[in-house]
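Visitor: Pasting the sequence and the predicted coordinates here, then a few questions.
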Amino acid sequence: MSEALARTDPVSGLAFAGQGVTLSLAGPMARFSLRTRQPEALEQLLGIELPRKIGTSHDGAACLGPDEWLLRAPAGTTLAMGTGLPLAITEVSERSVCLIAEGARAAEVLAAGCPLDLDRFAVGRATRTVFETVEIVLLRTGDMRFEVEVWRSFAPWLSMALESAARPLR
Amino acid sequence: MLLIHCPYCDEARAEIEFAYAGEAHIARPPDPAALSDEDWTHYLFIRSNPRGRHHERWRHIHGCGRFFNAVRETVSDKFEVTYKAGEPRR
């Protein structure tokens, strides 16, 4: 459905390159909010393995809470809706945008507003948290690569805040 | 900044991720109509407000989203223990 709408990004052209950090905007992707108390049913329906430990991710699925996962997949992916099963699959592709911070000093830039101990935030971890007062989902997808999922309306502010934090590294 | 241990995430996280949600272990009366006005008032508004160990609810709102219970020392603001909702009073 969303493909049919004219697509506008809330932040146009976030492209910051400094010493040790680059900030960019990820392309469109499909996102699904998965809720269930019976993850086995969800796994069977979707044919994927869901991480069970809160704050970890596996194969694009991040476990955000005891009964909640965020699944990120290539744009255009559709899922079976599991009618009749005790679970909820909601497409939330356009709810958020993904900002990417990459580089040896990316963690420092994020630490400007994120209270997590990013040194102990291992690759593969993913959690909901905050940047200043804005709620984000932070994913560490590589040793020097973080992805920040943020709701659209907060994206202009967050990208500005990240750029400000990175400015001394220009 | 306080660090609060979330029993669901099993991790100490910054206070800014949490929301306070009042005193814990206050059960809603099963049959409100059977209560006198005084008892109902007591259930709705009267809290223990101790100086010392306080059982309270918190929600990891910018995290896993779960409510849990905590025992906090109201004088020193130190969290003694946190435990999952539904577990017996500590």
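Guide: That came in fine, so what should we check first?
Visitor: use CA for all of it now, contacts and neighbours both
Guide: Will do.
Visitor: got the phi/psi numbers for A:Ala155?
Guide: The phi and psi values for A:Ala155, taken as degrees, to the nearest 10, are phi -60, psi -40.
Visitor: In contact with it, which residues?
Guide: By Cα atoms under 8 Å, 6 or more residues apart in numbering or on different chains, the residues touching A:Ala155 are A:10-11, A:97.
Visitor: swap in A:Ala104?
Guide: A:20-21, A:144.
Visitor: Could you report the pLDDT at it?
Guide: pLDDT, A:Ala104: 96.
Visitor: cool, A:Arg170 as well?
Guide: The model reports A:Arg170 with a pLDDT of 83.
Visitor: Surely it is in contact with A:Gln19?
Guide: Yes. Between A:Arg170 and A:Gln19 there is a contact at 5.8 Å, judged by Cα atoms under 8 Å.
Visitor: Do you have the strands of chain B handy? List them.
Guide: B:3-6, B:11-14, B:19-23, B:53-59, B:67-73, B:78-84 (DSSP state E).
Visitor: JSON lines for those, including distance to chain A and mean pLDDT?
Guide: Compiled in JSON lines, these are given as follows (distance: least, Cα to the nearest Cα, whole Å; pLDDT from 0 to 100):
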{"stretch": "strand B:3-6", "distance to chain A": "10", "mean pLDDT": "96"}
{"stretch": "strand B:11-14", "distance to chain A": "6", "mean pLDDT": "96"}
{"stretch": "strand B:19-23", "distance to chain A": "13", "mean pLDDT": "96"}
{"stretch": "strand B:53-59", "distance to chain A": "12", "mean pLDDT": "97"}
{"stretch": "strand B:67-73", "distance to chain A": "11", "mean pLDDT": "97"}
{"stretch": "strand B:78-84", "distance to chain A": "12", "mean pLDDT": "96"}
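Visitor: Out of the ones you listed, flag the one nearest A:Ile89.
Guide: Closest to A:Ile89 of the strands of chain B, according to Cα to Cα: strand B:67-73, at 22.8 Å.
Visitor: mind giving me a markdown table with the strands of chain B and columns for distance to A:Cys63?
Guide: Converted to a markdown table, those look like this (distance: least, Cα to Cα, whole Å):
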| stretch | distance to A:Cys63 |
| --- | --- |
| strand B:3-6 | 15 |
| strand B:11-14 | 14 |
| strand B:19-23 | 21 |
| strand B:53-59 | 18 |
| strand B:67-73 | 17 |
| strand B:78-84 | 18 |
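Visitor: B:Thr41 versus the residue of chain A found nearest chain B, what's the distance?
Guide: Closest residue of chain A to chain B, Cα to the nearest Cα: A:Gly65 (4.2 Å). Separation of A:Gly65 from B:Thr41 (Cα to Cα, to the nearest Å): 35 Å.
Visitor: Repeat that for A:Ala101.
Guide: In terms of Cα to Cα, A:Ala101 sits 53 Å off from B:Thr41.
Visitor: Might you name the residue of chain B sitting closest to chain A?
Guide: At 4.2 Å from chain A, B:Cys64 is the closest residue in chain B, using Cα to the nearest Cα.
Visitor: Just give the nearest non-adjacent residue to that residue, would you?
Guide: Excluding the flanking residues, the one nearest B:Cys64 by Cα to Cα, 6 or more residues apart in numbering or on different chains is A:Gly65, at 4.2 Å.
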